[in-house]
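Chemist: Got a predicted model here, sequence first, then my questions.
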Amino acid sequence: MLDKYVGVAKDGSFEVKGDMRAVYQVMVNTRQGLVRSMHGLLHRASLIATRYAVCRKQFANLDGSPGERKLLDYQTHMQKLGGIMSEAFIMGMTARYSDRMMVQMKKDMSAGNFALLDMMHHLSSGLKAWYCLMTHLGVDELRMCCGGAGYSQYSLLPAISEMVSSMPTLEGDTIVMAQQNAKLLFKYVKVIQGKR
Ligand SMILES: Cc1cc2nc3c(=O)[nH]c(=O)nc-3n(C[C@H](O)[C@H](O)[C@H](O)COP(=O)(O)OP(=O)(O)OC[C@H]3O[C@@H](n4cnc5c(N)ncnc54)[C@H](O)[C@@H]3O)c2cc1C
């Protein structure tokens, strides 16, 4: 597969045949894969926590009724669930947009045009950093939204939480990835200021 870019002759000599910038595409591709998959995990955890909030009732504090109040009817609870769910929707929408950019970048690269690679590197770094962190923190919050049940394997939340807990670190730590993204933003600030 890599024969397109490099080759090793029978005498052991190494030859670079293609444009080695293509190697960067592998890392960008993996990061974009994470960007693409985070919102699905956050949606799944949101679904579990929302279903729980509809069924679980706590405290008889409804005026004129001996019945208990659904968790979903507590404003503080709705704020937690609603906020995280909207984050998951936004993550899904922007991931689809950056996916389309990724497809275009690959098409351009196979025609020898690497113009989008720099942008995709910085963009996928920033999205990877924030989406992985938001998903990790979001799933943890959703787990707490289910009280003690969120710690039971039956809820599936411990498995999702374990899966996403390494995401902010793997394929580039959050801070380091965010710095990559910040570099691009600073570059554009200088362009706007007319310094470059
Ligand atoms: C579950 C899992 C699976 C993995 N799988 C693979 C794999 O298949 N293949 C592979 O090659 N690697 C793999 N890794 C390694 C992963 O890519 C690295 O762990 C990750 O890139 C972080 O690098 P590091 O471990 O060197 O941490 P470091 O970069 O040393 O980070 C340690 C701490 O220092 C901070 N830090 C580092 N640099 C800076 C800076 N410039 N400014 C401020 N703070 C900084 C970080 O924020 C972090 O808190 C995996 C890691 C995990 C957790």
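Modeler: Yes, it's here.
Chemist: so how far is the helix or strand where residue 140 lies off the chain centroid?
Modeler: Here residue 140, judged by DSSP states H and E, is contained in helix 115-145. Centre-to-centre, helix 115-145 and its host chain are 3 Å apart (C-alpha atoms, centre = their mean, to the nearest Å).
Chemist: How about that helix and the ligand, any contact?
Modeler: No - residues of helix 115-145 are not located near the ligand by C-beta under 6 Å from any ligand atom, the shortest gap being 10.1 Å. Where you see a C-beta, it was placed from the backbone N, CA and C, and this is true even at glycine.
Chemist: and that helix, what other elements does it pack with?
Modeler: Judged by 3 or more C-beta pairs under 8 Å, 6 or more residues apart in numbering; DSSP states H and E, the packing partners of helix 115-145 are helix 24-55, helix 75-110, helix 157-165, helix 174-192.
Chemist: Redo these as JSON lines? Include mean pLDDT and distance to the ligand.
Modeler: Listed next are the helices and strands packed on helix 115-145 as JSON lines, based on pLDDT from 0 to 100; distance: least, C-beta to the nearest ligand atom, whole Å:
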{"stretch": "helix 24-55", "mean pLDDT": "96", "distance to the ligand": "9"}
{"stretch": "helix 75-110", "mean pLDDT": "97", "distance to the ligand": "20"}
{"stretch": "helix 157-165", "mean pLDDT": "98", "distance to the ligand": "9"}
{"stretch": "helix 174-192", "mean pLDDT": "94", "distance to the ligand": "4"}
